[in-house]
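Enquirer: show me the folded form of this:
(4 chains)
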Number of protein chains: 2
Amino acid sequence: MTSADWTEYFPGLRTLPPDLARQLVQASRVVTLPAGTRIFGPGQAPENYLLLIKGTVRVQQVSDSGREIVLYRVSAGESCALTTACLMGYEEYQAEGIVETEATAVAIARSMFDELIASSAEFRKFVFTAFSVRITNLFRTIEEIAFSRLDIRLAQRLLALSDDRGQLAMTHQQLASELGTAREVVSRQLHEMQRRGMIETSRGAVRILDRAALDDLAHLA
Amino acid sequence: MTSADWTEYFPGLRTLPPDLARQLVQASRVVTLPAGTRIFGPGQAPENYLLLIKGTVRVQQVSDSGREIVLYRVSAGESCALTTACLMGYEEYQAEGIVETEATAVAIARSMFDELIASSAEFRKFVFTAFSVRITNLFRTIEEIAFSRLDIRLAQRLLALSDDRGQLAMTHQQLASELGTAREVVSRQLHEMQRRGMIETSRGAVRILDRAALDDLAHLA
DNA sequence: GCATCACCGTGACTTGGTCACAGACCCTCC
DNA sequence: GGAGGGTCTGTGACCAAGTCACGGTGATGC
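Expert: Numbers count the residues shown, from 1 in each chain, chains lettered A, B, ... in the order given. Down below sits the predicted model:
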């Protein structure tokens, strides 16, 4: 990919006036972030507005007691609008953002971001839409944590996080962090799923055996 | 209050250039919203950007099964930025916003909102800060639902929602919706608090007897 | 008065979270 | 290859919270 055409990756940016798009491409730089990079976190803030071209970033909340819960993931074609917003004002940020699979991202300086917001209704729409989607998802997350059964949520995660061969390389502890619960609880639930022939577990890995059954469980409520 | 000076209510707007402030005041109208008004909800969207001068708006998520959970409250001096953002793009909105205590608000048409965003860095900062604060709070809410004990969360709510005389006119069901739990659970928790002399309950009301003790409980973790 | 409805109390049971500890697996270094 | 240490998983006992079913009780209206 040349640095001249990355705007193509973002449907919301395709309608930008050509001169503005050119200006944006010039003022930005494409960076590669290795897996494990902590993009932001308590006491650590990004200096740029980030647009993800490739890879995923996991955003998780860490509680005082050390427990974790995954809030959402940012994937290719999406922006880290939230983190930027946090830069722009209030910055008491407890959550952290970690690169999960090696990422390629476009970094836009704050000044350029500001100018784009000022000059382009399309860019504004792009940014605000990203906000809306994120917040709507957070609302759904809250609802699920509060009201959904854990086996159903776990089934959903297994389906969402496994690759196309039904493989998933995560420990029970990591899955517990996904759902904001305890490791033992995940172990028990996985054990029951295995007993019912839906999955097969091994150290640090889960394999889906009966996708249909798992899917039924995931859609129970 | 005259319609000429409402910008004074919003610290973030005081730095607006005078001519822009004048323009804003002219293009807006001050509306009164009686308690119980549903400002937005599934299948119902606000046509204006709203700034709250007086009163409070409760934003809650309603699940398919009819259960409710209060997500946050918008109070005087704050904006409903989120709802507007949702207007601007993605609008699959499951949550609803309900006027809790009679509200006075400034309604700004979408076009004017857009122009302000375009022309004023101060206004942008105002809007983005509102976003950040909201999202940070949602993160904290998720953490509390996932990891905090219910008695602690209930104690916090009682303190936050009671008036200065320690009175609170809410049913157990309403308190349960605040916390995203079941009515019976709240009843039991309140009963235990009463047994310990922290509160006194009557039909549809709670009175705080020992604020210090309740405060201790609220700050346990 | 008494019928009705919203609100509250309670017991039995299920699900989920906590704690303590025991194995099992894996890697590295002799 | 075997010893040792770290990570990961399994399990039982117990506690906290959510669900279900039902009964009681206070307010309100006719």
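Enquirer: where does chain A dip in pLDDT?
Expert: Residue ranges of chain A with pLDDT under 70: A:1-4, A:84-92.
Enquirer: can you pull out the strands in it?
Expert: Along chain A, counting by DSSP state E, strands occupy A:28-33, A:38-40, A:48-62, A:68-75, A:95-109, A:167-168, A:199-202, A:205-208.
Enquirer: nearest to DNA strand C, out of these?
Expert: When the strands of chain A are compared by Cβ to the nearest atom of the strand, strand A:199-202 sits nearest DNA strand C, at 7.3 Å. Placement of C-beta: from N, CA and C, glycine included.
Enquirer: before we move on, the earlier item: now tabulate the strands of chain A in a markdown table and tack on distance to DNA strand C and mean neighbour count.
Expert: Below are the strands of chain A laid out as a markdown table (distance: least, Cβ to the nearest atom of the strand, whole Å; neighbours: other Cβ atoms under 10 Å in any protein chain shown):
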| stretch | distance to DNA strand C | mean neighbour count |
| --- | --- | --- |
| strand A:28-33 | 25 | 16 |
| strand A:38-40 | 24 | 19 |
| strand A:48-62 | 15 | 21 |
| strand A:68-75 | 10 | 20 |
| strand A:95-109 | 20 | 20 |
| strand A:167-168 | 15 | 16 |
| strand A:199-202 | 7 | 16 |
| strand A:205-208 | 9 | 18 |
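Enquirer: for B:Leu13, find the nearest of those strands.
Expert: For those, proximity to B:Leu13 was assessed by Cβ to Cβ; strand A:48-62 is nearest, at 24.1 Å.
Enquirer: and the closest one, is it in reach of chain B?
Expert: Yes: against chain B, strand A:48-62 shows contacts by Cβ under 8 Å from any Cβ of the partner chain at A:Gln61.
Enquirer: next, the angle from that strand to strand A:68-75.
Expert: 150 degrees (axes from the mean of the first three to the mean of the last three Cα atoms, to 10 degrees).
Enquirer: just checking, what packs against strand A:48-62?
Expert: strand A:68-75, helix A:81-88, strand A:95-109, helix A:110-119, helix B:121-147 (3 or more Cβ pairs under 8 Å, 6 or more residues apart in numbering or on different chains; DSSP states H and E).
Enquirer: just the CA coordinates for that strand, please, in CSV.
Expert: Output of strand A:48-62 as CSV, limited to C-alpha atoms (Å, rounded to 0.1, in the frame of the first residue of the first chain):
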residue,chain,number,x,y,z
ASN,A,48,-2.2,11.5,17.8
TYR,A,49,-5.6,10.7,16.4
LEU,A,50,-5.3,7.1,15.2
LEU,A,51,-7.0,5.3,12.4
LEU,A,52,-6.5,1.6,12.2
ILE,A,53,-5.7,0.1,8.8
LYS,A,54,-4.7,-3.3,9.9
GLY,A,55,-4.7,-5.3,13.1
THR,A,56,-6.8,-4.9,16.3
VAL,A,57,-6.5,-2.9,19.5
ARG,A,58,-8.0,-4.2,22.7
VAL,A,59,-9.4,-1.6,25.2
GLN,A,60,-9.8,-2.9,28.7
GLN,A,61,-10.6,-1.5,32.1
VAL,A,62,-8.3,-2.4,35.0
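Enquirer: what angle sits between it and strand A:95-109?
Expert: Counting by the same axes, to 10 degrees, strand A:48-62 lies at 180 degrees to strand A:95-109.
Enquirer: tabulate the helices and strands packed on strand A:48-62 in JSON lines, adding columns for distance to A:Glu178.
Expert: Shown next, in JSON lines, are the helices and strands packed on strand A:48-62 (distance: least, Cβ to Cβ, whole Å):
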{"stretch": "strand A:68-75", "distance to A:Glu178": "5"}
{"stretch": "helix A:81-88", "distance to A:Glu178": "19"}
{"stretch": "strand A:95-109", "distance to A:Glu178": "12"}
{"stretch": "helix A:110-119", "distance to A:Glu178": "31"}
{"stretch": "helix B:121-147", "distance to A:Glu178": "11"}
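Enquirer: can I get the ones you listed in a markdown table including distance to DNA strand D?
Expert: Formatted as a markdown table, the helices and strands packed on strand A:48-62 follow (distance: least, Cβ to the nearest atom of the strand, whole Å):
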| stretch | distance to DNA strand D |
| --- | --- |
| strand A:68-75 | 13 |
| helix A:81-88 | 27 |
| strand A:95-109 | 16 |
| helix A:110-119 | 38 |
| helix B:121-147 | 8 |
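Enquirer: hang on, the earlier thing: in a markdown table, list the strands of chain A along with distance to A:Leu220.
Expert: Compiled in a markdown table, these are given as follows (distance: least, Cβ to Cβ, whole Å):
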| stretch | distance to A:Leu220 |
| --- | --- |
| strand A:28-33 | 38 |
| strand A:38-40 | 36 |
| strand A:48-62 | 26 |
| strand A:68-75 | 22 |
| strand A:95-109 | 28 |
| strand A:167-168 | 21 |
| strand A:199-202 | 16 |
| strand A:205-208 | 17 |
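Enquirer: for A:Arg196, grab phi and psi.
Expert: Dihedral angles of A:Arg196 (phi, psi; degrees, to the nearest 10) stand at phi -90, psi 10.
Enquirer: ok, and the closest non-adjacent residue to A:Thr32?
Expert: A:Thr104 (5.5 Å; Cβ to Cβ, 6 or more residues apart in numbering or on different chains).
Enquirer: partners of A:Leu168 in the sheet?
Expert: With DSSP bridges applied, A:Leu168 shows beta-bridge pairing to A:Val206.
Enquirer: how much space between it and A:Thr201?
Expert: Separation of A:Leu168 from A:Thr201 (Cβ to Cβ, to the nearest Å): 10 Å.
Enquirer: common neighbours of the two, please.
Expert: A:Arg207 (Cβ atoms under 8 Å, 6 or more residues apart in numbering or on different chains).
Enquirer: and the closest residue to A:Asp210 other than its chain neighbours, how close does it get to B:Thr129?
Expert: Distance criterion Cβ to Cβ, 6+ apart; nearest residue to A:Asp210, sequence neighbours excluded, is A:Met198 at 4.9 Å. The gap separating A:Met198 from B:Thr129 is 46 Å, by Cβ to Cβ.
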